[in-house]
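S.K.: whatever this is, show me its structure:
(one chain, ligands or ions: 1)
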Amino acid sequence: MAVLIYTENRDGKFTKASFESVSFGVRIAKEMNLPAVVLSLGTVDNKALQVLGKYGPDTILTLEDERFDTLDNKAYTAAISAVAADIAAKVVLFSHSNTGKAVAPRVAARMKAAYAPALTGLPVSYNPLIVRKKVMSGKAFADIGLSGEASVLTLSPNAFEVVEKPADIPVEKVNIPVDDNWFTTRVTGVQKQTGKVILTDADIVVSGGRGMKGPENWGPIEELAGLLGAATACSRPVSDEDWRPHEEHTGQTGKIIAPNLYIACGISGAIQHLAGVSSSKYIVAINTDPDAPIFEAADYGIVGDAMKVLPALVEEVKKVIQ
Ligand SMILES: Cc1cc2nc3c(=O)[nH]c(=O)nc-3n(C[C@H](O)[C@H](O)[C@H](O)COP(=O)(O)OP(=O)(O)OC[C@H]3O[C@@H](n4cnc5c(N)ncnc54)[C@H](O)[C@@H]3O)c2cc1C
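M.R.: Numbering: from 1, shown residues only. Below you'll find the model as predicted:
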């Protein structure tokens with residue numbers, strides 16, 4: 001028996017969320033007295049795979065086949081379930097990323113395992129296994145008891161600190177046959193955004209709401225984001241109005257993010273917006289209304305006109321970083 005941790009890479013480099021998953025999975029494995037096994041799918045060079053050893057697993061497995069370089073839910077489900085069966089996984093862990101959200105429930109169904117998504121911390125109890133997650137748009141926590149032979153879990157990004165336990169772990173190739181019938185889709189071309197920080201991976205996010213009045217006022221938000229190496233985001237009405245692209249919309253019906261710093265400019269802080277950003281480590285709000293609900297969620301608040309505060313902030317940041 002083991003704890004199996006699926007690790008995601010982007011163009012051959014493992015994501016920060018994967019390092020969090022390994023750290024989390026290693027801790028769970030230790031508490032359950034089981035080995036922690038990490039799994040990588042697709043072509044990743046040996047050096048990148050060995051980086052995973054820094055976070056304390058007992059085994060690093062790789063299933064190298066270039067058809068895994070792009071996500072095919074059916075193929076990923078088949079491969080991860082086959083490895084889980086091979087090592088008799090008691091727990092299979094994913095990051096709560098787009099891939100995790102798509103594949104983890106399928107793996108759970110395939111394994112006939114219990115499923116708990118978007119965990120916010122270590123289990124409350126290991127025997128029986130009881131895990132904790134946010135519910136009601138982040139207003140409450142629910143403790144969920146999992147029964148059965150195995151459990152499939154996903155971990156919210158930024159919910160668990162990366163813990164380094166350097167060790168030289170050899171990388172082993174997975175010894176299961178890859179079936180051609182697993183692959184039902186084929187990516188024929190990819191057009192990538194260049195020079196933009198990916199919102200769900202970003203450490204810092206600068207976000208604008210309806211208080212920014214119109215798309216022509218996004219200059220200082222983009223400039224501040226550029227200076228800080230941050231991603232840009234927005235509230236839902238902003239993307240509904242086509243002021244900003246839909247992939248920037250955060251909240252209950254948009255992306256759920258948990259950066260270290262979230263700067264909310266002209267955003268009221270409606271519960272549906274906070275559902276997507278309340279796990280940020282620090283929230284800074286800029287709003288003209290001192291009674292705006294965003295100030296209840298914020299760690300730092302600036303009561304003022306974002307059109308004036310943002311350019312001043314940009315100038316101050318320039319002084320610090322230049
Ligand atoms: C089912 C459902 C799902 C939803 N899902 C989402 C979601 O996923 N994400 C989301 O964001 N919303 C969502 N909403 C909408 C949500 O309820 C709010 O309407 C929305 O978040 C408000 O966006 P806002 O804060 O940009 O705009 P507003 O509520 O209009 O707030 C604008 C804010 O800007 C301030 N302001 C005005 N001028 C300035 C200025 N010059 N400088 C600084 N501040 C200024 C105002 O004081 C105000 O606080 C959802 C709603 C429903 C019903």
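
S.K.: quick check, residue 16 in contact with residue 160.
M.R.: No - using C-beta atoms under 8 Å, residue 16 is not in contact with residue 160; the gap is 11.3 Å. Quick note: C-beta positions are derived from backbone N, CA and C, even for glycine.

S.K.: neighbour count winner among the two?
M.R.: More crowded of residue 16 and residue 160, by other C-beta atoms under 10 Å: residue 160, with 20 against 13.

S.K.: sec struct for that one, please.
M.R.: Following DSSP: H, G, I helix; E, B strand; the rest coil, the label given to residue 160 is coil.

S.K.: list phi and psi for it.
M.R.: Backbone dihedrals for residue 160, given as degrees, to the nearest 10, come out at phi -140, psi 130.

S.K.: which residues does it contact?
M.R.: Shown in contact with residue 160 (C-beta atoms under 8 Å, 6 or more residues apart in numbering): 20, 23, 24, 27, 121, 122.

S.K.: over to residue 247?
M.R.: 199, 255.

S.K.: then residue 88?
M.R.: Neighbour list for residue 88: 1, 2 [criterion: C-beta under 8 Å, 6+ apart].

S.K.: residues from the stretch 101-250 of the chain in reach of the ligand?
M.R.: 209, 210, 211, 235, 236, 237, 238 (C-beta under 6 Å from any ligand atom).

S.K.: re the thing from before, out of the contacts of residue 160, the closest to residue 229 would be?
M.R.: Closest approach between the contacts of residue 160 and residue 229, by C-beta to C-beta: residue 20, at 19.5 Å.

S.K.: one step back: show me which of the contacts of residue 160 is closest to residue 108.
M.R.: Closest approach to residue 108 among the contacts of residue 160 (C-beta to C-beta): residue 24, at 17.5 Å.

S.K.: for residue 305, what are its contacts?
M.R.: Residues in contact with residue 305 (C-beta under 8 Å, 6+ apart) are residue 288.

S.K.: from residue 219, how far out is it?
M.R.: Residue 305 sits 15 Å away from residue 219 when distances are taken as C-beta to C-beta, to the nearest Å.

S.K.: what does residue 242 give?
M.R.: Distance from residue 242 to residue 219, by C-beta to C-beta: 17 Å.

S.K.: the helices in this protein, which residues?
M.R.: For the chain, the helices defined by DSSP state H cover 16-32, 46-51, 73-86, 98-111, 219-228, 236-240, 271-277, 294-297, 306-321.

S.K.: okay if I get the ones you listed as TSV plus mean pLDDT?
M.R.: Shown next, in TSV, are these (pLDDT from 0 to 100):
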stretch	mean pLDDT
helix 16-32	95
helix 46-51	92
helix 73-86	97
helix 98-111	96
helix 219-228	96
helix 236-240	98
helix 271-277	94
helix 294-297	97
helix 306-321	95
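
S.K.: Serialize these to CSV and add fields for distance to residue 63.
M.R.: Formatted as CSV, these follow (distance: least, C-beta to C-beta, whole Å):
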stretch, distance to residue 63
helix 16-32, 15
helix 46-51, 11
helix 73-86, 6
helix 98-111, 14
helix 219-228, 37
helix 236-240, 37
helix 271-277, 33
helix 294-297, 42
helix 306-321, 42
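
S.K.: for stretch 275-294, how far is the first residue from the last?
M.R.: End-to-end distance of stretch 275-294 (C-alpha to C-alpha, to the nearest Å): 12 Å.

S.K.: list the buried residues for that stretch?
M.R.: Within stretch 275-294, the residues scored as buried using 16 or more other C-beta atoms under 10 Å are 275-280, 283-287, 292-294.

S.K.: least confident pick among those residues?
M.R.: Least confident of these in the model: residue 279, at 85.

S.K.: the nearest residue to it once chain neighbours are set aside and residue 132, how far apart?
M.R.: Excluding its sequence neighbours, the residue lying closest to residue 279 (C-beta to C-beta, 6 or more residues apart in numbering) is residue 258, at 3.8 Å. Separation of residue 258 from residue 132 (C-beta to C-beta): 15 Å.

S.K.: neighbour count winner among those two?
M.R.: Taking neighbours as other C-beta under 10 Å, residue 258 and residue 132 compare with residue 258 leading, 21 against 17.

S.K.: local confidence estimate at the more buried one?
M.R.: Note for residue 258: predicted pLDDT of 86.
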